[in-house]
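A.B. asks: the following comprises the amino acid sequence and a computationally predicted model.
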Amino acid sequence: MTTEENKAVIRRFVNELWSEGRLDVADEIISESPRDRRGSGGMIAGGPEAVKAAVGSLRRIYSPLTREVHELVAEGDTVVVYSTIRGLHVGSGGPVPWAPTGEEISVTGVAAFVVENGKIVEEPWSNWNLAANSQQIAAAVVRRYVEEVWNRGELAAADELLTPGHVRHDPLLEADVVGIDEVRKQVSGLRTAFPDLHFEASIYPSNDEGEFVTRRWTMTGTHDGEWMGVAPTGVKVVSTGMALSRFDGGKIAEEWIHRDDLGFMRQIGAL
């Protein structure tokens with residue numbers, strides 16, 4: 001086959017299979033006996049069924065999903081494609097453990113394919129900016145945590161976003177807050193004392209494939225309920241703070257909190 005015909009096969013792989021979701025196209029363009037001479041472990045190595053399962057799963061997790069070709073280069077039976085995958089993060093599973101965030105993801109990569117007799121027989125090499133994607137989604141999980149759990153009091157969302165053994169290192173308390181139920185109690189107590197509680201947070205992912213995320217916030221609220229033994233004052237408080245969140249298995253496992261507790265307590269007359 002000519003290089004143009006080989007490039008056409010890869011275009012079908014990207015456009016029809018990935019972007020249009022026509023998974024049965026894999027049976028037409030993926031070899032039943034693929035090679036993996038370099039041990040790359042790519043989805044092509046598993047044959048058509050593995051490709052259909054992998055693409056189908058990703059299309060459920062990121063929907064709608066598209067893959068755009070920026071450039072195709074071919075020489076002999078090898079085709080190199082530079083492309084971008086885009087989609088909304090609406091599901092989870094497999095290599096995507098994070099709870100759905102609604103975040104728009106964009107992953108760019110370069111992959112090499114070997115095409116023989118009209119079918120892809122090997123994917124010897126590929127490289128994608130997956131670390132940036134992980135960082136982006138982890139940051140979105142923290143954003144959900146702030147907005148849904150703390151700002152809106154949707155406590156059930158904590159099950160999706162926190163590990164069962166979640167640990168919150170809070171300097172205001174004598175001991176760590178351990179477990180999701182204890183976090184719920186802390187949120188409920190704060191929202192009872194400050195019914196109009198709101199955190200305006202800035203989220204900063206770390207350059208570590210999404211393991212750590214930092215947030216900086218300004219908290220506002222009206223002291224209309226008892227807090228830390230202080231009777232309601234009706235004072236509108238403003239407080240700032242920061243937190244470092246550590247992820248494990250796509251959920252927030254641990255947090256270190258730093259706040260202006262002194263200034264906060266002074267505002268409600270506790271000091």
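C.D. replies: Happy to help now that I have it.

A.B. asks: could you pull out the strands for the stretch 101-250 of the chain?
C.D. replies: With strands called from DSSP state E, counting those that start in this stretch, the stretch 101-250 of the chain shows them at 104-116, 119-128, 162-169, 177-178, 198-205, 212-222, 236-248.

A.B. asks: mind listing what's buried in the second one?
C.D. replies: Within strand 119-128, the residues scored as buried using 16 or more other Cβ atoms under 10 Å are 119, 120, 121, 122, 123, 124, 126. Every residue, glycine included, has its C-beta placed from N, CA and C.

A.B. asks: for the one residue sitting closest to the centre of the chain, which non-adjacent residue is spatially closest?
C.D. replies: Nearest to the mean C-alpha position of the chain, by Cα atoms, centre = their mean, lies residue 137 at 2.2 Å. Leaving aside its sequence neighbours, residue 137 sits nearest to residue 98 (Cβ to Cβ, 6 or more residues apart in numbering; 4.9 Å).

A.B. asks: contact partners for that neighbour?
C.D. replies: Residue 98 is in contact with 89, 92, 137, 138, 140, 141, 250, 251, counting by Cβ atoms under 8 Å, 6 or more residues apart in numbering.

A.B. asks: reformat the residues you listed as CSV; add distance to residue 78.
C.D. replies: Listed next are the contacts of residue 98 as CSV, based on distance: Cβ to Cβ, whole Å:
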residue, distance to residue 78
89, 33
92, 35
137, 33
138, 35
140, 37
141, 39
250, 36
251, 41
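
A.B. asks: most surrounded residue in those residues?
C.D. replies: residue 138 (28 neighbours; other Cβ atoms under 10 Å).

A.B. asks: show the pLDDT at the residue nearest to that one when sequence neighbours are not counted.
C.D. replies: Distances taken as Cβ to Cβ, 6+ apart place residue 210 nearest to residue 138, at 3.6 Å, with adjacent residues excluded. Looking at residue 210, its pLDDT is 83.

A.B. asks: and if you look at residue 40?
C.D. replies: Residue 40 is given a pLDDT of 68.

A.B. asks: residue 65 reaches residue 90, doesn't it?
C.D. replies: No - with contacts counted by Cβ atoms under 8 Å, residue 65 stays clear of residue 90, the gap being 9.9 Å.
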